[in-house]
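# Got a sequence here, can you model it:
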Amino acid sequence: MAKFIDRAISSQILAAQQYFPVICVTGPRQSGKTSLCKNLFSGYKYVNLEDLAMRSAAINDPIGFLNFYGPHMIIDEVQNVPQLLSMIQVRVDEDSTLRYVITGSSNFSLMASMSQSLAGRVAVFTLLPLSLKELPEEQMRKSTDSLMLRGLYPGTVAKGAPRKMFFSNYYDTYVKRDVLDLLKVKNLLQFDNFIRLLAARAGSEFNASTLSKDVGVSSVTITEWFSILTTSYIAFAVRPFYANIPKRLTKMPKAYFYDTGLLCFLLGINTEAQLAKHPLRGAIFENFAISEIIKSKYNIGEAPIINFYREHSGKEVDIMVQSDGAIQLYEVKSGKTYQADYSGNMKYLASLLPTVSSSTVIYDGESIQPIAVNIRDIGK
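Have a look, this model is predicted:
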């Protein structure tokens, strides 16, 4: 039986539930949304709108559906019946004691529906795969390559599913299905080629024109496909930082994946030994670090504002995190030995931007506060 792992975001959700009649937990499929909601709200009635019978009942008689399940409900994958949200709005406006917890794994369709129906009535939280901070102690003792290779979906951590089996099923069942549902992609071979080429460019600038030539579709199609990956919480873009400084800065975003286990699967990396020698290990480690920073922000109820800095001259800082008017800089290095020149570009950028509050190296060695942290100490 899988062991439930306490999630860092729990306290934020429980605090918000005192003030908002509707709680929405969104995030990728299999990130633990259902388990979290059932654990936090164990007395609530639960329905899953992936179930065709449940979905049909909700569509045909939404008022009767809500009446039947009572004043406290968890509604999973609510984006399948968006008209329920309007009914929920009416009900919570009429009765302030009603409480609904809704989940969804399609960010675009869910947010569009909620912005129309539940504005001011809903608190929205994003639950990503497990963060390193949330891992059980025995998992934290594993090597960094093991953690990156297996990924941090609860299915591979709490349930112990074999990684190759888990990600093969995840890719075929969820990733491709979401793409089919949202874009009606007909040529899955081209899409498969696209996502694997995107994986090979993780941490690099996203160039739709270059990818379009390699995949054999238009750059508009490439952009649409990438948009669907971001909507489904598979991949995300980090935008370049712009500032009123006399430097020529890059304008293209970088592409990353939310989970390095899926990233390694798409790259065909199946063993720790293979990962340790892989030419993209540094990029995978950088992906690991930036996804941990994003999780740390979401887990305290904040939307992350993250950029990178790159001049055409070559000067670059991997991660810039904006918060409360200040900027935190991070340089990511995959090695275990700290070197003084790791901080050079951050010192340079801090001299240009007076709002820089800290500069930190993230690497795989021992934490040296405040100048360098081991990747496992992000968010602590």
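# Note down every partner strand of the host helix or strand of residue 236 and its orientation.
Following DSSP states H and E, one finds residue 236 within strand 235-240. Note on strand 235-240: by DSSP bridges, its sheet partners are strand 254-257 (antiparallel), strand 306-310 (parallel).
# could you give me the average pLDDT of it?
Averaged across strand 235-240, pLDDT comes to 96.
# Identify each buried residue in it, please.
235, 236, 238, 240 (16 or more other Cβ atoms under 10 Å). C-betas here are computed from N, CA, C, even on glycine.
# who's in contact with it?
The contact list for strand 235-240 (Cβ atoms under 8 Å, 6 or more residues apart in numbering) reads 198, 206, 226, 229-230, 249-258, 290, 294, 306-310, 319.
# can you check stretch 249-259 too?
For stretch 249-259, the external contacting residues (Cβ under 8 Å, 6+ apart) are 28, 128-129, 151-153, 198-199, 201-207, 226, 233-243, 263, 266, 287, 290-291, 294, 308-312.
# Just the buried residues of that stretch, please?
Buried residues in stretch 249-259 (16+ other Cβ under 10 Å): 250, 253, 254, 255, 256, 257, 258, 259.
# Which stretches in the protein count as strands?
22-26, 45-48, 72-76, 99-104, 122-126, 235-240, 254-257, 306-310, 316-323, 326-332, 356-363, 372-374 (DSSP state E).
# Redo those as a markdown table? Include distance to residue 349.
Conversion of the strands of the chain to a markdown table gives the following (distance: least, Cβ to Cβ, whole Å):
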| stretch | distance to residue 349 |
| --- | --- |
| strand 22-26 | 33 |
| strand 45-48 | 48 |
| strand 72-76 | 44 |
| strand 99-104 | 38 |
| strand 122-126 | 28 |
| strand 235-240 | 13 |
| strand 254-257 | 17 |
| strand 306-310 | 6 |
| strand 316-323 | 5 |
| strand 326-332 | 6 |
| strand 356-363 | 7 |
| strand 372-374 | 17 |
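# With residue 157 as the reference, name the closest of the ones you listed.
Closest to residue 157 of those is strand 254-257 (Cβ to Cβ; 17.1 Å).
# thinking again about what came up before, now the strands paired with strand 235-240 in TSV, please, with extra columns for mean pLDDT and distance to residue 380.
As requested, the strands paired with strand 235-240 are arranged in TSV below (pLDDT from 0 to 100; distance: least, Cβ to Cβ, whole Å):
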stretch	mean pLDDT	distance to residue 380
strand 254-257	98	22
strand 306-310	96	18
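# that older thread, return the closest of the buried residues of stretch 249-259 with respect to residue 302.
Closest approach to residue 302 among those (Cβ to Cβ): residue 258, at 16.8 Å.
# quick check: domain ranges of this protein?
The record's domain parsing of the chain by automatic domain parsing lists 10-126, 132-377.
# gap between the shortest one and the chain center?
To tie it back to what came earlier, the one meant is domain 10-126. Centroid displacement of domain 10-126 relative to its chain, using Cα atoms, centre = their mean, to the nearest Å, is 20 Å.
# and it, how far apart are its ends?
Distance between the two ends of domain 10-126: 11 Å, counting by Cα to Cα, to the nearest Å.
# neighbours around residue 164, how many?
Neighbourhood size, residue 164 [other Cβ atoms under 10 Å]: 11.
# Contacts only, for it.
Residue 164 makes contacts with 265, 270, as judged by Cβ under 8 Å, 6+ apart.
# Which pLDDT value goes with it?
Note for residue 164: predicted pLDDT of 93.
# Quick check: it vs residue 94, distance?
Note on residue 164: its distance to residue 94, by Cβ to Cβ, to the nearest Å, is 51 Å.
# of the contacts of stretch 249-259, buried ones?
Among the contacts of stretch 249-259, the ones that count as buried by 16+ other Cβ under 10 Å are 28, 128-129, 151-153, 198-199, 201-203, 206, 226, 233-236, 238, 240-241, 263, 266, 287, 290-291, 294, 308-311.
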